[in-house]
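>>> mind folding the following:
(2 chains)
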Amino acid sequence: MPVVGLIQRIVGPLIVAKNMIGARMHELVRLGELGIIGEIIRLERDRAAIQAYEETTGLRPGDKVEGTGKPLSVTLGPGLMGKIYDGVQRPLPGIADKSGSFIERGMSIDPLEMDKKWFFQPLIKAGSKVVGGDILGLVQETPLVLHRILVPPFYEGVVRHIVKEGDYSIREPIAEIETPRGSIQKVYLAQTWPVRVPRPYKVMMPPTIPQSTGQRVIDAFFPICKGGTIMIPGGFGTGKTVMLHQLAKFIEADIVVFVGCGERGNEMADVLESFPKLRDPKSGEPLMARTILIANTSNMPIAAREASVYTGLTMAEYYRDMGYDVALMADSTSRWAEALREISGRLEEMPGEEGYPAYLAARLAEFYSRAGHVITLGSDDRRGSITVIGAVSPPGGDFSEPVTQNTLRIVKVFWALDSSLAHRRHFPAINWLTSYSMYFDQVTESYNKEVGSDWGRIVREAITLLGQEEEVKEVASLLGTEVLAESQRLIVEVARNLRENFLRQSAFHPVDGYCSKEKTFHMLRTILKFYRKARFAIGQEVPLNRIMSLPVIEEMARMKLIPSEEIAKVADEIDKKIDEEINLLVEEQARKKKG
Amino acid sequence: MSSLPHIKLASVREISGPLLFVETMPGASFGELVEVTTPTGEERWGQIIDVSEDITLIQVFEGTLDLDVKSTIIRHTGTPIKLRVSMDMLGRTFDGRGNPRDGGPSIIAEDELDVHGKPINPYCRAHPSEFIQTGISVIDGMNTLLRGQKLPIFSGSGLPHRLLAAQIVRQATVLGQAEAFTVILAAMGVTGDEAKFFRDEFERMGVMDRVVVFLNMAEDPALERILTPRLALTAAEYLAFEQDMHVLVVLVDMTYYCEALREVSAARAEVPGRRGFPGYMYTDLATIYERAGKIHGKKGSITQVPILTMPEDDITHPIPDLTAYITEGQLVFDRDLYRRGIYPPINPLPSLSRLMDKGIGGGKTREDHKQLSDQLYYAYAEGRIVREAAMISGEEALTERDRLYLKFVDRFEREFINQAPYENRDIEKTLDIGWNVLSVFPEAELSRIDPDIIKKYYRGSGSKA
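Numbers count the residues shown, from 1 in each chain, chains lettered A, B, ... in the order given. Got it, this is the predicted structure:
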């Protein structure tokens, strides 16, 4: 019997209610006449502290609080793909249908279409023994996503009945499982799951399988693995958001969950407008067919912002459990942490650093630990993964603040976005000297086998070269450029070439926006081939300015605009030209010397 | 619950800073408007910001001077704070509480709207895409403003931001559309001569009939500033989304707004965030700045130009920092440019318009716009580095390439950024000036521009490479 209590105090998004004996932690409640949604976040004798997921204006002490008996949960089933939800899984288009362009309060809308028929294809027969995670059957959810209907976790027993192939809605049971104790559990196409409880898996494995992103600076220098954790910190205007959008489009994943957490409305509108028009680079199908968007903009209630990352994670885990690779982007975890801070402040908890609650580090760790590469439940030992990419917005661009620091301790990849690069319109503005990836060695090893045996060698050579450029520049800034030797000037020139033509990548260019790892490899190899050849020529006393005005320089600069399929051929041609053109210069120089 | 009587009296327990602690009356609701009558009979406004069974916390917008615990009278109204709106607002000046300040009669309301508004459903937003020509090169050319965008000006004390604000109001047009902007000015904490400056400017422009002013002067109650921008945006939403107008909202000065917010937070003894500002300032500012945009199926739009002064010109101060995390870019004033007599003293490097790419290019401005702007950015960033190096090691130590950049920086500042406060440059002219200053360089140096664009627009002579 759900609890009915009374509101005692209202302060912003926080409600205190009394007569709440019997209510449970994290139980969902309805507040006042409008039935505003809230969640219990603290219990003390008969009193409950509740965070409200909607604006609380107009609530009064004495208004009733109705328990629902259930924790904040999401509905998981066919129909999730392509949806646009708020932080507590209400479809935004549904809200618009009911309340127009502005969001009204107290609305309840089904998260999935209750009556839509899905074509279900059973894979097992009555009489089979099943455990949680086993595949009962299939639903083609979208052209890109084959939805595996799983036995919910913790179910176990013998299938007594399973429906025939055909069209079913998520209301209709599709199977009945008899447990060892003899009770019957019904299984539907959809299930619910509390968002704050991680979905179980069998084994967590270290992330070792590379996950390409189509972004050169990442794939070559700071690569990621399936199931990895990545942080992107950057002050405002450093291109965080554009980068997340790029990743959402091009990351090598089956499913993308994008959580817009406390960010700009117009940017979310851009995502909502542009994603449905984008096509998956592999299949040509609309990208939305494998994407879920969760939008809780900065002016929407902050408690829902707090919940939105968990809502996203739970959906990601659901698809992971089917055996898919899922990428979850959260923009931005700082806004989520601020929501924690605000609620904690209202609860009058003892503050930690900069007013953040003392449990900030623990919550961040919990959040990122739901990423990973796992063997899922079920008898067939499927593998699935969740890669979590969290944007951080450090105040004043100061990386020493608590959210950045606490995240750094957890994540394995750090892409430092740099405002001075952004000012020069160098995008993606990933600083190549301060960023790092702890997956570098694994990925390099794999790509040595997969892409080219000298992948690792040339990538390291390029990183060294960029480091040398920094040293040479330091010398030049102290002593002037005239003291530099030709070989040092060459380093500066080639490093510039690397920066301008390799590291820089236009997110908006139809060809350059996505770069396959093969193309990354060929581009880098050609630039370094040029470096070695030019160094040889300089050894033969060919003046640098003659080398740098060779026509092939121009051709190298245009490699980024060559489509992936043609790159091997074009790179070979350029390699040949590098040899020919520089050889000519060397011969000429030799003749001059003789003459 | 409309059955509840709307007028309630309550007794005061405690007064602290701008806050009143009163005994809770039945029916008191969170966010409700209350009327406070002082012992001398003066009427004030307050809002309930915390309510429990026994104590209600009221922030009094006009301050608590003269209030006492014995004879102060509190009346509950049963509604949140509302603004009376109608088309008659046009041409009028109101105070920070929405009452006429120009001596004219009260307006006859067509509607009464909750000043806190409601969030626009992100799904219903239309992404801004129409270029607003401000006639100011450094904005139009490099940090383009679009209809429905929020683009703040980060100024410093003593810098000419109000001159620029007036110029934007005067010159802003959408190409190919005759309809002028309706302007809403929310002035918070401004001095008498600043208020006069804006009024005079509007009168001189002859635009008073499409301007609405909400004025909270420096000597007015500080707490009223929490309300002023919300009134202005409520009026803006009415004009834009009910009356199909294109509204340009200028909010000046948001720094004073934030300080009022800090005052309330301190009086409530809340745990302070950075520099004493409350931890929820980001969210609070978002509820102001996010009230800009365009909505599918509605004709009107709200474009916001908030202005704030950066304390000690520090862009990492929480006020500009949090603002820039919410707004779609920023225009940053630079004291160094100002000293050298450049107007508007906007430094393009830390400035940004996030939406720019959606509103420029062929068919909107000109095909070369994006690449030209990128090249100018790159060259100006390089040039500033060279200029610094030249100050340390002398110009003689520079390479030939560096000298070109040094020359470019000077010409760019004097010819492209610099313009008169009454000079209105159309976009063609702005872009042409951009190409003019780029002519310092040989073609080969323009690595951010495609060869065919260079061929068409480049006007330099030196094609050395």
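>>> rest of the way, CA atoms for contacts and neighbours
Noted.
>>> I'd like the next helix or strand past the helix or strand A:I553 falls within.
A:I553 belongs to helix A:551-557 when assigned by DSSP states H and E. The helix or strand immediately downstream of helix A:551-557 is helix A:564-594, counting by DSSP H and E.
>>> how far does that following helix sit from the chain's center?
From the chain centre to the centre of helix A:564-594 is a distance of 42 Å (C-alpha atoms, centre = their mean, to the nearest Å).
>>> check which helices and strands that helix sits against.
helix A:517-539, helix A:544-548, helix A:551-557 (3 or more C-alpha pairs under 8 Å, 6 or more residues apart in numbering or on different chains; DSSP states H and E).
>>> just checking, what packs against the helix holding A:I553?
For helix A:551-557, the elements it packs on are helix A:564-594, judged by 3+ C-alpha pairs under 8 Å, 6+ apart.
>>> pull the helix or strand with minimum mean pLDDT from the chain.
Using chain A here. Ranked by mean pLDDT, DSSP states H and E, the weakest helix or strand in chain A is helix A:265-274, scoring a mean of 84.
>>> ok, whatever residue of the stretch 101-250 of chain A ends up closest to chain B - contacts?
The minimum distance from the stretch 101-250 of chain A to chain B, using C-alpha to the nearest C-alpha, falls at A:F102 (4.4 Å). By C-alpha atoms under 8 Å, 6 or more residues apart in numbering or on different chains, A:F102 lies in contact with A:96, B:118-121.
>>> before we move on, back to that, winner for burial among the helices and strands packed on helix A:564-594?
helix A:517-539 (a mean of 20; mean count of other C-alpha atoms under 10 Å in any protein chain shown).
>>> what sits closest to the residue of the stretch 101-250 of chain A closest to chain B if chain neighbours are left out?
Leaving aside its sequence neighbours, A:F102 sits nearest to B:I120 (C-alpha to C-alpha, 6 or more residues apart in numbering or on different chains; 4.4 Å).
>>> of all the residues in chain B, which one is nearest chain A?
B:S52 (3.7 Å).
>>> tell me the secondary structure for the closest residue to that residue other than its chain neighbours?
Distance criterion C-alpha to C-alpha, 6+ apart; nearest residue to B:S52, sequence neighbours excluded, is A:R9 at 3.7 Å. Here A:R9 is recorded as strand under DSSP: H, G, I helix; E, B strand; the rest coil.
>>> and the closest residue to A:L360 other than its chain neighbours, what is it in contact with?
Of all residues not flanking A:L360 in the chain, A:A337 sits nearest, at 7.3 Å (C-alpha to C-alpha, 6+ apart). By C-alpha under 8 Å, 6+ apart, the contact set of A:A337 is A:306, A:356, A:360, A:403.
>>> got it, and A:A590?
A:Q540.
>>> A:R532 versus that one, what's the distance?
19 Å (C-alpha to C-alpha, to the nearest Å).
>>> on that earlier part again, measure how far the one helix or strand the residue nearest to A:L360 maps to is from the centre of its chain, please.
In this assignment (DSSP H and E), A:A337 forms part of helix A:333-346. Here the centre of helix A:333-346 is set off from its chain's centre by 21 Å, with C-alpha atoms, centre = their mean.
>>> contacts for the following helix or strand past that helix next, please.
Toward the C-terminus, helix A:333-346 is succeeded by helix A:360-368 as the next helix or strand (DSSP H and E). Outside helix A:360-368, the residues that touch it by C-alpha under 8 Å, 6+ apart are A:229, A:310, A:337, A:340, A:388, A:403, A:406-407, A:410-411.
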